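Student: Predicted model, plus sequence, below.
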Amino acid sequence: MMPACACSIVIVMGVENKMTQDEINKAEWENPDNWTLGSKWLCVYFSHQDSRTWVPKQIPWMGSTLNLGKPAGVAWLTGFLLGIPAFIAILLMLSTL
């Protein structure tokens, strides 16, 4: 027979503390370690545990930013970095015709 205190410990340890994905996303977004460059104006967000590709910036009225901890976020950034210069190059070539 177990003492009463041992039973209560077993019961407490048996309870699982599961967070929903929304709670994980919120906790990750609020974690300052996931934000780089130290500036609220120009910041990079990186979190593998946050399921979102686009997350609100630290200053909400400034819009959204990419989560570079997700492959889709890196794909978006690559598309921007390669797509914009390619678009400008195409426009320049068309203007010389």
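Tutor: In hand now; what should we look at?

Student: bridging residues for residue 44?
Tutor: Residue 44 has the following beta-bridge partners by DSSP bridges: residue 36.

Student: pretty sure it is touching residue 36, no?
Tutor: Yes: proximity of residue 44 to residue 36 meets the contact threshold set by CB atoms under 8 Å, at 4.6 Å. Backbone N, C-alpha and C define where each C-beta goes, glycine included.

Student: Return the list of helices and strands in contact with the helix or strand hosting residue 74.
Tutor: Here residue 74 sits within helix 71-95, counting by DSSP states H and E. Counting contacts by 3 or more CB pairs under 8 Å, 6 or more residues apart in numbering; DSSP states H and E, helix 71-95 packs against strand 64-66.

Student: Report pLDDT for residue 77.
Tutor: Residue 77 is assigned 92 on the pLDDT scale.

Student: same check, this time on residue 55
Tutor: 94.

Student: helices or strands up against the helix or strand where it lies?
Tutor: Under the criterion of DSSP H and E, residue 55 resides in strand 54-56. The contact analysis (3+ CB pairs under 8 Å, 6+ apart) places strand 54-56 against helix 21-30, strand 64-66.

Student: Pull the distance from stretch 83-97 to the chain's centre.
Tutor: Remark: stretch 83-97 is offset 33 Å from the chain centroid, using CA atoms, centre = their mean, to the nearest Å.

Student: So what touches it?
Tutor: Stretch 83-97 has contacts (CB atoms under 8 Å, 6 or more residues apart in numbering) with no other residue.

Student: I appreciate the help and will end here.
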